[in-house]
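let me see the structure of the following:
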Amino acid sequence: MNAGWYLRRLSRMGPREVGGRAGDAVRRRRWRSARPHCPRVAGARFTAVLPAGTIAAIPPDAAKRLLAEADRLMAGHVEYFGVVRDDLADPDWWYDPKTGRRAPWGHAFDVPYRDEETVGDIKQIWELSRHQYLTVLAAAYAISGNERYAERVAGHLRSWWAANPPLRGVHWISGIELGIRLLSWVWIRRLLDGWPGAAGLFEDNPVAREQVWHHQRWLAAFPSRGSSANNHVIAEAAGQFAAACAFGWFPASARWRAGALRSLERHLRGNTFGSGLNRELATEYHGLVLELGLAAMAEADAAGVPVPASVRLVLLRMTDALAAVVDGRLRPPRQGDADDGHGLVLDGAGTGRWASLLATGEAVFGRLTWWPAVTGTDVRTPLLAALIRPYAKDATVPGVVRPATRPGHFADAGMTILRGPEEIWCRCDGGPHGFLSIAAHAHADALSLEVRHDGVEVLADPGTFCYHGQPEWRRYFRSTLGHNTVQLDGGDQSVSGGPFLWTRHARSRVLVADTSGTGVARWCAEHDGYRPSVHRRRVELTAAAKELRVVDEVRGPRRAVRLAFHLGPAITAGLVGNRAALTWTRDGEDRCAVLDLDGQLSWRAHRGETGPPLGWYSPGFGRKEPSTTLVGTGFTGGGQGFTTVLRFRG
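So this is what the prediction gives:
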């Protein structure tokens, strides 16, 4: 980050945040001069164990998937963000396999972690040290009783602790990493409870106690503040709270526990709309925060620590909101940033993340009649459900009104879901541009659409792909042109100040949202991101005709316009003039649709272009593949708007 970025970042902070960060800087200088030692602890014990019979309740197919994943890990194989590693048997904790670089040694506060030329890809380095692969190995021990899994876990933890003493190196920089790592350690200890070496690895091990103490001391001293108080601060609070409950061995444990719970309660409310959707308007962070909140609630109930009713209520609303927005294959919208981050990993490959969260929600809160059926099984749900006190067995909570029917419009978040026959699903975006003053995980996607047919992405949100190190790709994937909406004069609706920073936010408002299911579902919204022009979009989904009609109007002076439609990776498109024939296969059956594009614009198909990027889809962080993007170019001012019609056949 250059000096200009730091100045722009400073301009988005309020006086209280500036004062807090100044205090952090003073504290860091003080910490350099003298590192305190962990207080001596006598008689430390771990009592937050799973109830008897919990492991036996794990569905056999979920257990089988987890053991297969554990065996891959034992063989040294793992993939993070599109990079395959074969060195997991004896990993280098500071090595980035993507760039081949190794993070420098030194005081944590001196490591330039944003500089990929010096450090490497920081997410590649950090991900392994969240120790979520070790929770999988520990779960494999709990299920199988095979001590080789436990011994591998113990060896890796001892290696990590030796290589990463407190405040030294790249793993003591970011609070979210410390918080998630603590949560992993709590579950590792819980799942290894039947292993004879568990106590010697944790509570009877002074090195482990020192690591736990320093992690909690760090989190108490340097919380994410102000404009950075998004999902990071929730991970910090959840991890510290979990550790202070399960590893409550220290004189400061009660204070840390109380402080973390206050922070968790405050920021869960602050990060969540009243409708239950996450305020970052980045769906994967909705999942991350919900996972962290459920994990924290499990620790509270396991330790008998009272939790404010507002915490459970927020998690209940988040779960109901997730159930409301998923498509027929239990996949939520692809909105905003996504980095494949998880709060607690206890399952093998092939387990559906969103189905797992809904299964846990059903076990804890009770399902509503309109919820989609949850298919598949997982390991995490029976483990969490064994610890969390059920909210209400009959799904009726006194004083809490849950939706009687499936919501289609979330006014506070500006999200509307239109549904039609054959699982036609359409997300319309008329919400705020992200969360807090920097909107760190927002994209310039006002009035964008996603359309799916039986779970297949027809008009797709291209995703995220990367955060650091590849600025051209970062700009593309969060740009206006990188979404299914209108771009004017070659610029974005909102103004970027650099990575994770927007200095001017487009303001959107929803004018019509009719999801009543009377044959035609309607949505209309507008935004002012291209002042003095105003972009207004109308969408109609007609059930009988299986037709989606989109009308874009731009009021204001004559301007150059580009209208983009990004097709999903499964879609093959044949463009002739202003008509595109779309084909794909679902479960062995051929499907098709016709996309009639506005004749006032000149249309071209783009696929896998790099100069500049256009025609790409990112299925997950660090991965991208060519896909087809249809772009119409022309000028505004025709008066009648631009009309696009998508008709599904058969």
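
how about the contacts made by His433?
By C-beta atoms under 8 Å, 6 or more residues apart in numbering, the residues touching His433 are 439, 442, 444, 446, 493-494, 502, 505-508. Every residue, glycine included, has its C-beta placed from N, CA and C.

what's the single longest helix in the chain?
Counting by DSSP state H, the longest helix found in the chain is helix 283-303.

returning to what we had before: among the contacts of His433, which are located in helices?
Among the contacts of His433, no member lies in helices (by DSSP H).

for the stretch 1-150 of the chain, which spans come out with low pLDDT?
Along the stretch 1-150 of the chain, the parts satisfying pLDDT under 70 run over 1.

what are the boundaries of the helices in it?
Per DSSP state H, counting those that start in this stretch, the stretch 1-150 of the chain carries helices over the ranges 3-11, 15-33, 60-74, 116-119, 122-128, 132-144, 147-163.

out of the ones you listed, nearest to Lys546?
The closest of the helices of the stretch 1-150 of the chain to Lys546 is helix 60-74. By C-beta to C-beta, the value is 35.5 Å.

now do the closest one against helix 132-144, angle only.
Helix 60-74 and helix 132-144 are oriented at 130 degrees to each other (axes from the mean of the first three to the mean of the last three C-alpha atoms, to 10 degrees).

so helix 60-74 versus helix 147-163, what angle?
Using the same axes, to 10 degrees, helix 60-74 lies at 50 degrees relative to helix 147-163.

contact partners of helix 60-74?
78, 88-89, 133, 136-137, 139-140, 143-144, 148-149, 152, 346-351, 377-379.

Provide a PyMOL selection command restricted to the buried entries of those residues.
Selection of buried members from those for PyMOL, criterion 16 or more other C-beta atoms under 10 Å:
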select buried, resi 78+88+133+136+137+139+140+143+149+152+346+347+348+351+377+378+379
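
flag the shaky bits of the stretch 251-400 of the chain, pLDDT-wise.
Using pLDDT under 70, the flagged stretches of the stretch 251-400 of the chain are 392-399.

still on that earlier bit, please work out which of the helices of the stretch 1-150 of the chain is packed deepest.
The highest mean neighbour count among the helices of the stretch 1-150 of the chain, using mean count of other C-beta atoms under 10 Å, belongs to helix 132-144: a mean of 25.

that one - contacts with which helices or strands?
Packing partners of helix 132-144 (3 or more C-beta pairs under 8 Å, 6 or more residues apart in numbering; DSSP states H and E): helix 60-74, helix 147-163, helix 175-191.

now tabulate those helices in TSV and tack on distance to Ala254.
Formatted as TSV, the helices and strands packed on helix 132-144 follow (distance: least, C-beta to C-beta, whole Å):
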stretch	distance to Ala254
helix 60-74	35
helix 147-163	25
helix 175-191	17
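
from Gly556, how far off is Arg507?
15 Å (C-beta to C-beta, to the nearest Å).

tell me which of the helices and strands packed on helix 132-144 sits nearest to Arg647.
The nearest among the helices and strands packed on helix 132-144, by C-beta to C-beta, is helix 60-74 at 39.6 Å.

for the closest one, list the C-alpha coordinates in PDB.
Presented in PDB, the C-alpha positions along helix 60-74 are these (Å, rounded to 0.1, in the frame of the first residue of the first chain):
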ATOM      1  CA  PRO A  60     -22.000 -43.000   8.800                       C
ATOM      2  CA  ASP A  61     -21.700 -41.400   5.300                       C
ATOM      3  CA  ALA A  62     -20.500 -38.100   6.900                       C
ATOM      4  CA  ALA A  63     -18.000 -40.000   9.000                       C
ATOM      5  CA  LYS A  64     -16.800 -41.800   5.900                       C
ATOM      6  CA  ARG A  65     -16.200 -38.600   4.000                       C
ATOM      7  CA  LEU A  66     -14.300 -37.100   6.900                       C
ATOM      8  CA  LEU A  67     -12.000 -40.200   7.300                       C
ATOM      9  CA  ALA A  68     -11.300 -40.100   3.500                       C
ATOM     10  CA  GLU A  69     -10.300 -36.400   3.900                       C
ATOM     11  CA  ALA A  70      -8.200 -37.200   6.900                       C
ATOM     12  CA  ASP A  71      -6.300 -39.900   5.000                       C
ATOM     13  CA  ARG A  72      -5.500 -37.400   2.200                       C
ATOM     14  CA  LEU A  73      -4.200 -35.000   4.800                       C
ATOM     15  CA  MET A  74      -2.100 -37.700   6.400                       C
END
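
tell me where the stretch 251-400 of the chain has helices.
Using DSSP H, counting those that start in this stretch, helices in the stretch 251-400 of the chain cover 253-270, 283-303, 309-325, 353-365, 380-387.

any chance of those in a markdown table, with mean neighbour count too?
Putting the helices of the stretch 251-400 of the chain into a markdown table (neighbours: other C-beta atoms under 10 Å) gives the following:
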| stretch | mean neighbour count |
| --- | --- |
| helix 253-270 | 19 |
| helix 283-303 | 25 |
| helix 309-325 | 22 |
| helix 353-365 | 22 |
| helix 380-387 | 23 |
